[in-house]
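Participant: below is the sequence, then the predicted model.
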Amino acid sequence: MDSQAFTAAVERLFRETAAMTLATCADGTPWATDVYFAPMDWDLVFFSSPASRHCRNLAANPACAAAAHAPAATWQDIRGVQMEGVATRIQGPLDISRAALAYFEKFPFARALLDNPGATAAKLVSARPHRFRPHTIRYLDNSLGIGARFTVRFEDGRPVGPPEASTGG
């Protein structure tokens, strides 16, 4: 798989998949939670309350992992990403606006919730934008062969080198 095919496959998966599982750890205790996400270049944006367990964990230790996958009825349908990186709260009005735009583009219902003064809107308003920035993305696609995996490393939010084929993991 070349860089262009890797990018197309991962972008397609990000468009088709609403939630990722975010794995955090603080004080030696791991935690995983699902969050809706939207791509912003190679970064993944999610909104969460600073009081949530995963955000408290991230404040103590921003290193984390994430996974997203398409629905699979058979082993041949397994297709997803496994990622390592860091997640931090997005600061500054320009970055917050970019994050909100990416999120609302993928999830138009979230914008509508802000217009509704009910309890759901109050919870959404208390959520803050966060950025998961990958250090590594491993794309797996069993339709290309059982255990077909391709890994790309990242620096400063940009891919470094072409995908490397790998097995296992």
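Facilitator: Nice, I can see it.
Participant: ranges for the helices of the chain?
Facilitator: For the chain, the helices defined by DSSP state H occupy 3-16, 53-60, 93-106, 108-115, 119-126.
Participant: looking at those helices, which is buried most?
Facilitator: Highest mean neighbour count among the helices of the chain (mean count of other CB atoms under 10 Å): helix 53-60, with a mean of 18. Placement of C-beta: from N, CA and C, glycine included.
Participant: put the alpha carbons of that helix into CSV.
Facilitator: Output in CSV follows, covering the C-alpha atoms of helix 53-60 (Å, rounded to 0.1, in the frame of the first residue of the first chain):
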residue,chain,number,x,y,z
ARG,A,53,-12.7,10.5,33.7
HIS,A,54,-10.8,10.4,30.4
CYS,A,55,-10.3,14.2,30.4
ARG,A,56,-9.0,14.1,34.0
ASN,A,57,-6.7,11.2,32.9
LEU,A,58,-5.5,13.2,29.9
ALA,A,59,-4.8,16.3,32.1
ALA,A,60,-2.5,14.0,34.2
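Participant: neighbouring contacts of it?
Facilitator: If you take CB atoms under 8 Å, 6 or more residues apart in numbering as the criterion, helix 53-60 is touched by 22, 24-27, 31, 33, 35, 48-50, 64, 87-89, 128, 130.
Participant: hmm, 6 Å instead?
Facilitator: Leu22, Thr24, Ala26, Trp31, Thr33, Ser48, Ala87 (CB atoms under 6 Å, 6 or more residues apart in numbering).
Participant: then stretch 80-96?
Facilitator: Identification of contacts with stretch 80-96 by CB under 6 Å, 6+ apart yields 58, 62-69, 99, 128-140.
Participant: list the buried ones in stretch 17-24?
Facilitator: Residues Thr17, Met20, Leu22, Ala23, Thr24 are the ones in stretch 17-24 that count as buried (16 or more other CB atoms under 10 Å).
Participant: now the contacts of stretch 80-96: which count as buried?
Facilitator: Here, 16+ other CB under 10 Å leaves 58, 62, 64-69, 99, 128-134, 137-140 buried among the contacts of stretch 80-96.
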